[in-house]
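Novice: quick one, fold the following:
(chains A, B and C)
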Amino acid sequence: MENLSISKPYLLNADDLTFNDINSIFALADYYIENYKPGVKFDDLKGLTVAMAFFENSTRTKLSFDLAAKRLSGDTLSFQSASSSLKKGESLIDTLRTIEAMGVQMYVIRHNCSGVPDFLQANTHGAIINAGDGKHEHPTQALLDSYTLRRHFGDVKGLKICIIGDILHSRVARSNITVLKTLGADVKLCTPGTLFPRRMNYWNIDIIEDLNDAIEWCDVALVLRLQRERMESGLLPTIREFSNYYGVNLEHFNKKPELVLLHPGPVNYGVELDYNVSLHPNVLIQTQVTHGVFTRMALLALIARNMRSNNLF
Amino acid sequence: MENLSISKPYLLNADDLTFNDINSIFALADYYIENYKPGVKFDDLKGLTVAMAFFENSTRTKLSFDLAAKRLSGDTLSFQSASSSLKKGESLIDTLRTIEAMGVQMYVIRHNCSGVPDFLQANTHGAIINAGDGKHEHPTQALLDSYTLRRHFGDVKGLKICIIGDILHSRVARSNITVLKTLGADVKLCTPGTLFPRRMNYWNIDIIEDLNDAIEWCDVALVLRLQRERMESGLLPTIREFSNYYGVNLEHFNKKPELVLLHPGPVNYGVELDYNVSLHPNVLIQTQVTHGVFTRMALLALIARNMRSNNLF
Amino acid sequence: MENLSISKPYLLNADDLTFNDINSIFALADYYIENYKPGVKFDDLKGLTVAMAFFENSTRTKLSFDLAAKRLSGDTLSFQSASSSLKKGESLIDTLRTIEAMGVQMYVIRHNCSGVPDFLQANTHGAIINAGDGKHEHPTQALLDSYTLRRHFGDVKGLKICIIGDILHSRVARSNITVLKTLGADVKLCTPGTLFPRRMNYWNIDIIEDLNDAIEWCDVALVLRLQRERMESGLLPTIREFSNYYGVNLEHFNKKPELVLLHPGPVNYGVELDYNVSLHPNVLIQTQVTHGVFTRMALLALIARNMRSNNLF
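Specialist: Below is the predicted model:
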């Protein structure tokens, strides 16, 4: 495991990750899965402090990073806007400098404004890890999704993957497209016209208009959460109409039993996915969560290794 | 201590606990009290992660479980609805599955809906510990109350215990009645007619209408907190009238100096208990708190032992 | 380091600290700075539990104490009013007794009411450390400010220090005046008439009315945060006028390049301090934060040592 490495001492966007970076992360995640059992602690982050700065509500991502850091013997400190001096009007950059002056080396950041991780990285000697910024990127979600596919299929290269749903508001989609393409997957999108951003043409990705055609084509359906709390009215006629045309249900699995389905969670049951589908053995939502912790362990460990070899602490 | 055990790998309701279970918990709590001093850590939960999921405000119960798990070398993670994805509409069962997929083995749950712990236990391979669900049960409070009596009197069997106050809204009362009866205590109730639930007849418990008669009869007054925040108007004429008829004050101790008094806390001073009474040496409120940590240590350790012997992790 | 000690097993107000106490804290902070690196843990608080009870929002002070306790191997537990039973109307003193009964030895308290730490200390066998109470005192801020000056100048004695700004609402000013005088500094104030409390005459401190005169006189400008959230209207004509007369900007540094500036943070940029000034090398705000952790480590360790030698746990 000693020869594994990644090229940058931070993770802001999915295109920070080279093909070799991603494979190093996956190889180290494999190692942790094989060697972890309750009670085992690795010492990759021993002596380091990781600040968890979540300025948006989160369950799975925050807990996942927190457990990952602790299993590597890192100390964590949690930082939430609701109980912090940000209420007094303290600027974000001052908050970062304050935490840094106390001896923190790594920062896991979630923020509802796109670009915050990039901005903070430009102002710290520590490592910023983007845990989701606005509608922009969520690169560790993309890592765990691809890792789950690699564990399931052996390789991501050549897999036909269709990302289905609310592309417009989805940082998960943006990061996944980049990582999946880096790994050589064949990616297409299935989305209503109003939820498809024009700048997505930047990637030159094919659109499949009909969900049935999409399912027929793909090996893997990566179904997005409909971001109801982010949607201003007017983009969809009704939730019900969206569900009728773009919701995955048992019929799709009846027609294609070998279909594999990913979803970043939490699911809006009855909207983008029916509840009875979620119990199908090829729906890998829980596996994604489990792999999330191991993928993040690998990422944190390799960033710490990079920082150490560059004398960043 | 190796021969101690409990019969179920969880604790949902007080009647999950057999006579032998309770005595095992008490024997192990005795062991911890004798061997604990600041700095000592036991390793009963080494390598296990306990999620503290409190969906209602709590001070003493949450801190108590948290300290208990840490003194047994368990890792804890805290989970609060206010900062979690439950705000995004995630279902409780999905949240549980998510936490479970990350490698959590035990869950301490408080929720304002009765039955939530039972519902969650039916959907997990982990252990649910009920830390209070609605007006239903609070079994660890009953354990620590009985343990406090056993330490004070030597045995709970045959003790005359009167539960006084707002039985209707009290999960503490429900759990205590069960545990006290399992241990062979003689339990009666003293409560206004409007605060006495008819289904309580299920236990066939005597009611003493007059507080003075109740105090005269009992060895121990278990005074309940008046759940002001749970009371819809109409059940009591006024708080003042309740206090006049059912509030314990110094006169009661003057008449019966050997009276022992328990209260689950926090006290509404001047309502169910006068402040000057709370300083009486036979009022064991602080002792209950101290014993709470040791009782919960014993419970967590024995559940972990049960899970281990049943290969549940 | 074994001969270092402080005279009281708590810290409520700056005048609890004798000249020898302060120098012991500084000497131990020096030792920690020299011997700390990421991963090192000292064992001064091993086996002790420190409760962080912050009833006001805080970033830097809370994190600073938390890191300090953890680097000394102490356990910490965090206690916030928003998620606690204080919402149920539990009294503060009952909360303290409850935490104490669970086996906590030290309490770091921030509260918006002046005098709360004194009140709590009178009701506990544990150690209260005042982390800011209302407009009254913030003694650890004063310690870290003086420590920063001692590290920078070699000695605080004889230094000319001008405290500038909103003295009226500033617990930082009150504590600093006491500590700086104990250490033999020459302290003056520069403040608008409406923000100068009459009782401050108790200290017989000179006032310099004009900021330019103040800067000319002093070696160190200790600039206070304008407590906008605490100011009722009427004390200042406008924020802009305050800034024009009492805000420190680059011109002041141009006239006096050797000026050293402290600020407790977070800064209101453009009000009491211009942003471009904050980047000047003689502005020691980040150094204050770094020293804050080491000063608090020294304080906690010496209080624990005092408690141990007095058999307080």
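Novice: do a quick rundown of the helices in the stretch 1-150 of chain A.
Specialist: Listed in chain order, the helices of the stretch 1-150 of chain A (DSSP state H, counting those that start in this stretch) span A:19-35, A:60-71, A:92-101, A:116-121, A:139-153.
Novice: so which residues on the stretch 201-313 of chain A come close to chain C?
Specialist: Among all residues of the stretch 201-313 of chain A, those adjacent to chain C (criterion: C-beta under 8 Å from any C-beta of the partner chain) are A:Phe313. All C-beta spots, glycine's among them, are computed from the backbone N, C-alpha and C.
Novice: what are the ranges of the helices in the stretch 201-313 of chain A?
Specialist: Counting by DSSP H, counting those that start in this stretch, the stretch 201-313 of chain A forms helices over residues A:211-217, A:239-246, A:250-255, A:275-278, A:285-309, given from the N-terminal end onward.
Novice: okay, those helices in CSV with mean pLDDT and mean neighbour count next?
Specialist: Written out in CSV, the entries for the helices of the stretch 201-313 of chain A read as follows (pLDDT from 0 to 100; neighbours: other C-beta atoms under 10 Å in any protein chain shown):
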stretch, mean pLDDT, mean neighbour count
helix A:211-217, 97, 17
helix A:239-246, 89, 16
helix A:250-255, 95, 14
helix A:275-278, 90, 16
helix A:285-309, 97, 23
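Novice: closest one to chain B among those helices?
Specialist: Using C-beta to the nearest C-beta as the measure, helix A:285-309 is the one of the helices of the stretch 201-313 of chain A that comes nearest chain B, at 3.7 Å.
Novice: is chain B within reach of the closest one?
Specialist: Yes: Helix A:285-309 is in contact with chain B by C-beta under 8 Å from any C-beta, via A:286-287, A:289-290, A:292-293.
Novice: nearest to chain C among those residues?
Specialist: Of all the residues of helix A:285-309 next to chain B, the one sitting nearest chain C is A:Val293; the distance, using C-beta to the nearest C-beta, is 22.8 Å.
Novice: count the neighbours of A:Ala122 for me.
Specialist: Close neighbours of A:Ala122, defined as other C-beta atoms under 10 Å in any protein chain shown, add up to 10.
Novice: tell me the contacts of it?
Specialist: With contacts taken as C-beta atoms under 8 Å, 6 or more residues apart in numbering or on different chains, A:Ala122 has no neighbouring residues.
Novice: tell me which other helices or strands the helix or strand bottoming out on mean pLDDT in chain A touches.
Specialist: The helix or strand of chain A with the poorest confidence is strand A:75-80; it has a mean of 82 (mean pLDDT, DSSP states H and E). For strand A:75-80, the packing partners by 3 or more C-beta pairs under 8 Å, 6 or more residues apart in numbering or on different chains; DSSP states H and E come out as strand A:49-54, helix A:60-71, helix A:92-101, helix C:60-71.
Novice: adding mean neighbour count, mean pLDDT and distance to chain B, write those out as a markdown table.
Specialist: Conversion of those to a markdown table gives the following (neighbours: other C-beta atoms under 10 Å in any protein chain shown; pLDDT from 0 to 100; distance: least, C-beta to the nearest C-beta, whole Å):
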| stretch | mean neighbour count | mean pLDDT | distance to chain B |
| --- | --- | --- | --- |
| strand A:49-54 | 23 | 94 | 8 |
| helix A:60-71 | 24 | 93 | 5 |
| helix A:92-101 | 20 | 89 | 17 |
| helix C:60-71 | 24 | 93 | 13 |
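Novice: looking at the ones you listed, which is closest to C:Asp16?
Specialist: Evaluated over the helices and strands packed on strand A:75-80, closeness to C:Asp16 peaks at helix C:60-71, with 17.2 Å, by C-beta to C-beta.
Novice: for that closest one, output the C-alpha coordinates as PDB.
Specialist: Once side chains and other backbone atoms are set aside, the C-alpha atoms of helix C:60-71 remain, and they are given as PDB (Å, rounded to 0.1, in the frame of the first residue of the first chain):
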ATOM      1  CA  ARG C  60     -12.900  30.400  18.700                       C
ATOM      2  CA  THR C  61     -13.200  30.200  22.500                       C
ATOM      3  CA  LYS C  62     -15.100  27.000  22.500                       C
ATOM      4  CA  LEU C  63     -12.900  25.200  20.000                       C
ATOM      5  CA  SER C  64      -9.800  26.600  21.700                       C
ATOM      6  CA  PHE C  65     -10.800  25.100  25.100                       C
ATOM      7  CA  ASP C  66     -11.900  21.900  23.500                       C
ATOM      8  CA  LEU C  67      -8.600  21.400  21.700                       C
ATOM      9  CA  ALA C  68      -6.700  22.400  24.900                       C
ATOM     10  CA  ALA C  69      -8.500  19.800  27.000                       C
ATOM     11  CA  LYS C  70      -8.000  17.100  24.400                       C
ATOM     12  CA  ARG C  71      -4.300  17.800  23.900                       C
END
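Novice: give me the residues contacting it.
Specialist: For helix C:60-71, the external contacting residues (C-beta under 8 Å, 6+ apart) are A:49, A:75, A:77, A:79, A:85, A:98-99, A:102-103, C:32, C:36, C:40-42, C:45, C:50, C:52, C:54, C:75-76, C:78, C:106, C:108, C:110, C:129, C:131-132, C:140-141, C:265-266, C:289, C:292-294, C:296-297, C:300.
Novice: for the residue of the stretch 1-150 of chain A found nearest chain B, what are its contacts?
Specialist: Nearest residue of the stretch 1-150 of chain A to chain B: A:Gly39, at 2.1 Å (C-beta to the nearest C-beta). Counting by C-beta under 8 Å, 6+ apart, A:Gly39 touches B:46-48.
Novice: cutoff 10 Å now
Specialist: Contacts were defined as C-beta atoms under 10 Å, 6 or more residues apart in numbering or on different chains; by that measure A:Gly39 touches B:43, B:45-49, B:73, B:75.
Novice: of those, closest to chain C?
Specialist: Taking C-beta to the nearest C-beta as the measure, chain C lies nearest B:Ser73 of these, at 11.8 Å.
Novice: the closest one contacts A:Pro38, doesn't it?
Specialist: No: no contact is recorded between B:Ser73 and A:Pro38 when judged using C-beta atoms under 10 Å, the distance being 11.8 Å.
Novice: and for these two, which residues touch both?
Specialist: Jointly contacting B:Ser73 and A:Pro38 under the rule C-beta under 10 Å, 6+ apart are B:45-48.
Novice: re earlier: could I get the helices of the stretch 201-313 of chain A as JSON lines with distance to B:Gly247?
Specialist: Output for the helices of the stretch 201-313 of chain A, formatted as JSON lines (distance: least, C-beta to C-beta, whole Å):
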{"stretch": "helix A:211-217", "distance to B:Gly247": "66"}
{"stretch": "helix A:239-246", "distance to B:Gly247": "53"}
{"stretch": "helix A:250-255", "distance to B:Gly247": "60"}
{"stretch": "helix A:275-278", "distance to B:Gly247": "50"}
{"stretch": "helix A:285-309", "distance to B:Gly247": "51"}
